[in-house]
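J.: Any chance you could fold what I've pasted below:
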Amino acid sequence: MSFLDDIINTTKSAAATAGKKTDEAVKFTKLKIKESQTTGDIKSHFEKLGEMAYEMKKNENPDAAAFDAEVEEIDKLYARLAEINHALDDLRQEVTCPVCGAKTKSENAFCPKCGAKLPEKPAPEAAEQPAEVLDEKKDDENK
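T.: Down below sits the predicted model:
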């Protein structure tokens with residue numbers, strides 16, 4: 001019976017590993033979709049901002065409040081994009097060098113490109129938080 005138990009345990013372990021990898025792939029795909037949508041939103045707001053600038057110059061009637069609102073919305077979208085990219089880096093187990101911007105594996109202590117000290121690795125539960133935070137923010141926006 002121990003041979004059958006070994007086979008069952010090995011099968012269970014393989015299924016758990018496959019399930020974990022599938023979950024990671026789904027999270028990664030969802031984040032990539034959010035990244036693409038946010039990038040599209042940023043481009044749309046820049047287009048609207050350009051039209052507003054043109055109209056303001058042409059009519060010599062500046063509507064600074066609407067212009068400022070668009071700039072603020074673009075800043076919010078860039079902040080959201082940074083959160084998405086941070087969550088993607090966590091899934092890839094990568095960090096971005098604060099000095100040169102190069103991406104490297106999170107286990108490195110120093111940047112292989114410029115030699116700068118990299119930020120400390122976050123705790124495992126903190127690494128999963130950005131994706132959860134993104135889901136909560138999206139739910140709040142949809143309400």
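J.: Show the subsequent helix or strand relative to the lengthiest helix in the chain.
T.: Of all the segments assigned as helix in the chain under DSSP state H, the longest by residue count is helix 2-59. Sequence-wise, the next helix or strand downstream of helix 2-59 (DSSP states H and E) is helix 64-92.
J.: So which residue is smack in the middle of the protein?
T.: By CA atoms, centre = their mean, the chain has its centre lying nearest to I84, at 1.4 Å.
J.: Would you confirm that that residue contacts L31?
T.: Yes: between I84 and L31 there is a contact at 5.7 Å, judged by CB atoms under 8 Å. Just so you know, the C-beta spots here come from the backbone N, C-alpha and C atoms, and that holds for glycine as well.
J.: Give me the below-cutoff pLDDT ranges for the chain.
T.: 1, 121-143 (pLDDT under 70).
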